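1. model this:
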Amino acid sequence: MARHKKYPVVLTDDEIRRLKKVLRNEDTSKTIANRCRVLLELDTSYPPVLYYKDCAAKFGISQSAVSHIVKQYHEEGLDSVLTYKRNENSNRANRKVDGRLEAEIIKLACGPAPEGYARWSIRLLARELFVLLGDDAVSADTIRRTLKKTGFDLTRATTGASPRSQMQNL
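-> I've put the predicted structure just below:
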């Protein structure tokens, strides 16, 4: 005798139509499409119903992912399953530094240093950006990461203390 499922999936006709509509949409991501397929396969209203491990193997996902989808559907509803809940630290989260701000940082760093300073420092750049942007300013560490990503080095310019010398090729 099969074990009783803790979270049985019982979809209404409206939910089935909505899931199939999402699957037909070309812009649907693979993750959301897999979630829709899992719910449709595990629907107890239309047998045969697959086991979690069979469903996972069929769609190339883990068994724990299948159980998480079913649990999320049962506890939070269909809307929750069909939307991403991204962590703010994830790779695709919205960043403060976009291409426009990155260009502004580089433009400042390439320009002349403020009066009384020999060259730009990261803290000086952060202070200047705070004056320009106000509340939307970024931290000094964000500026450092942006300059590092673009290959811009604030210490590359010679300060005159020791001239750079090249070694002769042997």
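
2. And the longest helix anywhere in the chain, what's buried?
-> In the chain, assigned by DSSP state H, the helix with the most residues is helix 63-76. Residues 65-67, 69-70, 72-73 are the ones in helix 63-76 that count as buried (16 or more other Cβ atoms under 10 Å). Using the backbone N, CA and C atoms, a C-beta is placed for each residue, glycine as well.

3. What lies in contact with that helix?
-> 7, 9, 35, 38-39, 42, 52-53, 55-56, 80-81 (Cβ atoms under 8 Å, 6 or more residues apart in numbering).

4. give me that answer again for 6 Å
-> The contact list for helix 63-76, computed with Cβ atoms under 6 Å, 6 or more residues apart in numbering, reads 7, 9, 35, 38, 52-53, 55-56, 80-81.

5. Check stretch 101-111 too.
-> 120, 125, 128, 143, 146.

6. Apply 8 Å and report the result again.
-> Stretch 101-111 has contacts (Cβ under 8 Å, 6+ apart) with 97, 120, 125, 128-129, 132, 138, 143, 146-147, 150, 152, 154.

7. I'd like the residues you listed as JSON lines, with pLDDT, distance to T28 and secondary structure appended.
-> Formatted as JSON lines, the contacts of stretch 101-111 follow (pLDDT from 0 to 100; distance: Cβ to Cβ, whole Å; DSSP: H, G, I helix; E, B strand; the rest coil):
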{"residue": "V97", "pLDDT": "77", "distance to T28": "30", "secondary structure": "coil"}
{"residue": "W120", "pLDDT": "87", "distance to T28": "46", "secondary structure": "coil"}
{"residue": "L125", "pLDDT": "89", "distance to T28": "42", "secondary structure": "helix"}
{"residue": "E128", "pLDDT": "88", "distance to T28": "44", "secondary structure": "helix"}
{"residue": "L129", "pLDDT": "86", "distance to T28": "39", "secondary structure": "helix"}
{"residue": "L132", "pLDDT": "82", "distance to T28": "40", "secondary structure": "helix"}
{"residue": "V138", "pLDDT": "82", "distance to T28": "34", "secondary structure": "coil"}
{"residue": "I143", "pLDDT": "87", "distance to T28": "37", "secondary structure": "helix"}
{"residue": "T146", "pLDDT": "85", "distance to T28": "33", "secondary structure": "helix"}
{"residue": "L147", "pLDDT": "86", "distance to T28": "38", "secondary structure": "helix"}
{"residue": "T150", "pLDDT": "79", "distance to T28": "34", "secondary structure": "helix"}
{"residue": "F152", "pLDDT": "76", "distance to T28": "39", "secondary structure": "coil"}
{"residue": "L154", "pLDDT": "69", "distance to T28": "45", "secondary structure": "coil"}
